[in-house]
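Need the 3D shape of this:
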Amino acid sequence: MIDTGLAGKVVLVTGGSGGIGEAISRAFAAQGARVAVHHHAGEREPPGRARWAHVTPHAEAARSLADELTGAVSVAADLAAPDAASRLLDAVEDRLGPVDVLVNNAAHCETPDSIGELTAEGLERHYRVNAVAPALLISELARRHRPERPAPCVVNISTDAARAFPGQIGYGTSKAALDGLTRATALDLGPTGIRVNAVAPGPVQTGWMDDAMEAQVSDLVPLRRVGEPGDIADGVVFLASRQARWVTGQVLQVAGGHAL
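Residues are numbered from 1 along each chain as shown. Purely as a prediction, here's the structure:
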């Protein structure tokens, strides 16, 4: 049996209460980690614009999951707020202790988002949550690290379409920025021992595909199926584990070969 070395570690999963985030929270808890399940504090999207995300933003879902998982807590923050990083890490430290693993999973996506329909406000919302918030959380985590403690690690959740995502310009380019952030911070923080990696999911069934769409999308995947949230969670756990101790600056595609 492989020992991931994650038992007793403090893991913060942003957007950790639904979909891929819930699977990640459950996977770390199964390794004996103490999980802080983050949820969005309130609703800020303007009415009339469709949106989707990899997370369930409601406090009730986060509290319910945290109650179910041993040693877990739920924490709230609006990641678009300028002080979200410090406030969120303060909340986790107060309840569980210093963060050992940061998973930047929370994502904002809305439509319309094609090149002819972009707005400054929409782009800003995408970038604030998908790129700026992870950058500030990584920065704050690094500032709090003390050399006498084992170095923390970071896993960002990107998308395998970050290279080019037509029809989802704000979302796709903000995730491309997250990929660049992963590599840059891995280089900056390498001397401190802090590892930074990313998982890039392919199409994952989190309830947004009906049977017909799932069959259509499966035909585009070399392994001939869409992903499940647990597929992504397993990749995240690996990158946070001791087995990945010499891995940093990588964007791991967990996508069934979708973007090859």
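
Tell me how many other residues crowd the nearest residue to residue 237 once chain neighbours are set aside.
Spatial nearest neighbour of residue 237, excluding adjacent residues (CB to CB, 6 or more residues apart in numbering): residue 27 at 5.0 Å. To be clear about C-beta, it is placed using only N, CA and C from the backbone, and glycine gets the same treatment. Neighbours of residue 27 under the rule other CB atoms under 10 Å: 25.

so residue 27 sits in a helix?
Yes: applying DSSP: H, G, I helix; E, B strand; the rest coil, one finds residue 27 inside a helix.

ok now do it, which residues does it touch?
Counting by CB atoms under 8 Å, 6 or more residues apart in numbering, residue 27 touches 230, 233-234, 236-237.

Repeat that for residue 252.
Contacts of residue 252 (CB under 8 Å, 6+ apart): 197-200, 235, 239.

sorry, back to before: roughly how far does the residue nearest to residue 237 sit from residue 21?
11 Å (CB to CB, to the nearest Å).

Next: residue 240.
From residue 240 to residue 21 the distance is 15 Å (CB to CB).

Repeat that for residue 128.
18 Å.

So these two - more neighbours on which side?
Using other CB under 10 Å as the criterion, residue 128 and residue 21 rank with residue 21 on top: 32 against 20.

Which of the helices or strands spans the more buried one?
helix 19-30 (DSSP states H and E).

any chance you could map the strands in the protein?
In the chain, the strands defined using DSSP state E lie at 10-13, 34-39, 50-52, 73-76, 101-104, 109-111, 153-157, 195-201, 251-254.

Can you check the pLDDT for the most centrally placed residue in the chain?
Note on the chain: the residue nearest the mean C-alpha position is residue 105, at 1.3 Å, using CA atoms, centre = their mean. At residue 105, the model reports a pLDDT of 97.

That one against residue 15, yeah?
Yes: contact criterion CB atoms under 8 Å: residue 105 and residue 15 qualify, at 4.7 Å.

Cool, thanks, signing off.
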